[in-house]
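Asks: Next input, structure requested:
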Amino acid sequence: MIWFARGCDMRPASNAFTEAVATAQEALNDPLQSLTDEMLMTILLFDLYDTLVLHYAPVPIDYGKHKHGALAMIEHRGSVNLATSRGRALIGAVRHTVLPYMLSTRQPFPERLDHLFGHPSTNATRVMSLDLISVYLTRVQSRLWTLRRETPLDESPLARRACYMEIIEEALRIEGLLINWKASITDPDWLPEYIPHESVIESIREAGFYGSHCSIWGDLTFGSTWILFSVRYLLTLQVIRQALADEPSLLLDPEQRELLTGADECVQQLVDSMCEAIPFHLGDTILPKSPIHSVTTNFPSKWKVDPQTGRSIRVPGVRSNHQARAAASGGWILFPHLVNLWRLAEPEDDAVPIILREGQLDWIKEQVRRLQRIFLFCEPVWFKR
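Replies: Residues are numbered from 1 along each chain as shown. Below is the predicted model of the structure:
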């Protein structure tokens with residue numbers, strides 16, 4: 001967590017990484033080793049190292065090369081990817097790792113790999129199915145920004161308008177898929193529980209509490225998945241909002257004005273849901289603390305009656321080991337998503353900003369700074385285009 005602050009730790013890690021890259025490059029030249037699951041996992045570990053560096057290095061680096069390398073390996077391996085359960089799991093891991101990068105840089109997920117990433121065996125879990133929907137999102141988002149930057153000067157207004165209408169229709173189709181994904185989750189363990197502001201201990205409220213209640217889940221995995229869903233839904237709505245902003249003649253249609261109003265309202269609801277999840281992920285932590293001492297960190301929880309047994313159960317569940325897991329990874333989960341909200345509200349380019357209620361963006365910025373204090377994160381340079 002704090003390895004960058006300890007100068008003596010940085011050079012050995014960097015040296016070991018350099019040696020590992022050289023060894024991997026040799027192995028990639030071997031026809032057999034280049035097809036192994038171990039080699040693909042090695043590339044993912046290199047990408048993880050890049051991500052760690054980006055949380056602490058004060059200047060941008062060549063980020064994304066190992067993500068593209070992992071995609072190249074998937075393509076090179078071909079049907080080998082689907083031959084074993086481990087290989088199929090690695091396909092899901094690669095896609096899950098690459099998607100945030102693609103969405104951040106507005107690149108399309110390569111269609112030439114759809115026969116692998118779209119295979120039913122690689123979309124068997126809730127997160128995998130959400131990622132498959134997000135693949136479509138990368139493409140419509142990329143199409144929108146390509147249209148904005150590369151529209152021919154001699155293109156007729158009607159043709160341009162038709163292009164934007166097609167993008168909006170595709171975004172609405174993706175929204176429908178996201179809504180169906182959400183509706184498919186009926187397992188009570190996956191659904192959020194809510195705790196009123198007054199029922200949460202003071203230290204958690206003072207550390208960072210937004211609105212009248214916070215949300216909790218039975219397991220950290222469930223909460224992080226719902227945040228991921230909210231971010232992907234936000235980006236889908238942003239495609240619609242951007243298209244309407246770029247082609248304002250569409251707003252002469254009352255249906256399109258209603259669509260924009262509905263999108264703005266949904267954006268606010270999604271951002272609220274993300275803010276409400278922060279206490280579940282961070283508890284009352286405000287300063288650097290090793291996860292070893294997580295027993296001293298307070299997190300929101302509640303008791304409820306199990307409808308099947310009639311017994312009282314605690315949420316999060318005792319078996320979820322929430323204190324230790326959230327102390328170790330809750331901040332790492334939240335940080336990129338909160339920075340994403342910041343970027344959407346204050347874009348560094350000519351993107352249309354999302355509209356939040358007064359004071360909410362300042363509160364989100366403070367939570368980003370809180371995470372920087374806790375984990376010693378640098379400014380999020382890798383989000384810059």
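Asks: pLDDT wise, what is residue 307 at?
Replies: Residue 307 carries a pLDDT score of 81 in this model.
Asks: Which residue is the nearest non-sequential neighbour of it?
Replies: Spatial nearest neighbour of residue 307, excluding adjacent residues (Cβ to Cβ, 6 or more residues apart in numbering): residue 188 at 7.6 Å. All C-beta atoms are positioned from the backbone trio N, CA, C, and that covers glycine.
Asks: what phi and what psi does the backbone show at that neighbour?
Replies: Dihedral pair for residue 188: phi -60, psi -30, per degrees, to the nearest 10.
Asks: so what pLDDT did it get?
Replies: Looking at residue 188, its pLDDT is 88.
Asks: residue ranges for the helices of the stretch 101-250 of the chain, please.
Replies: Secondary structure of the stretch 101-250 of the chain (DSSP state H, counting those that start in this stretch): helices at 114-117, 126-150, 157-183, 202-208, 220-246.
Asks: Quick one: distance of the last one to the chain centre.
Replies: I take that to be helix 220-246. Distance of helix 220-246 from its chain centroid, counting by Cα atoms, centre = their mean, to the nearest Å, is 9 Å.
Asks: following it, which helix or strand comes up?
Replies: Counting by DSSP states H and E, the next helix or strand C-terminal to helix 220-246 is helix 254-276.
Asks: give me every residue that touches residue 152.
Replies: Listed by Cβ atoms under 8 Å, 6 or more residues apart in numbering, residue 152 has no contact partners.
Asks: Burial check on the residue nearest to residue 307, number of neighbours?
Replies: 13 (other Cβ atoms under 10 Å).
Asks: What's the separation between it and residue 245?
Replies: As defined by Cβ to Cβ, to the nearest Å, residue 188 lies at a distance of 40 Å from residue 245.
Asks: before we move on, back to that, what's the most buried one of the helices of the stretch 101-250 of the chain?
Replies: helix 220-246 (a mean of 21; mean count of other Cβ atoms under 10 Å).
Asks: Which elements pack onto it?
Replies: helix 126-150, helix 157-183, strand 213-216, helix 254-276, helix 278-282, helix 322-345 (3 or more Cβ pairs under 8 Å, 6 or more residues apart in numbering; DSSP states H and E).
Asks: rerun that using 6 Å as the cut-off
Replies: Helix 220-246 sits against helix 126-150, helix 157-183, helix 254-276, helix 322-345, with contacts defined as 3 or more Cβ pairs under 6 Å, 6 or more residues apart in numbering; DSSP states H and E.
Asks: wait, which of those helices is closest to residue 43?
Replies: The closest of those to residue 43 is helix 126-150. By Cβ to Cβ, the value is 18.3 Å.
Asks: pLDDT (mean, whole number) over that closest one?
Replies: 96.
Asks: repeat for stretch 15-31
Replies: 73.
Asks: what residues does that stretch touch?
Replies: Identification of contacts with stretch 15-31 by Cβ atoms under 6 Å, 6 or more residues apart in numbering yields 33-34, 42, 49.
Asks: out of those residues, who has the most neighbours?
Replies: With neighbours taken as other Cβ under 10 Å, the top of the contacts of stretch 15-31 is residue 42, carrying 21 neighbours.
Asks: Residue 80 is in contact with residue 35, isn't it?
Replies: Yes - under the criterion of Cβ atoms under 6 Å, residue 80 makes contact with residue 35 at 5.4 Å.
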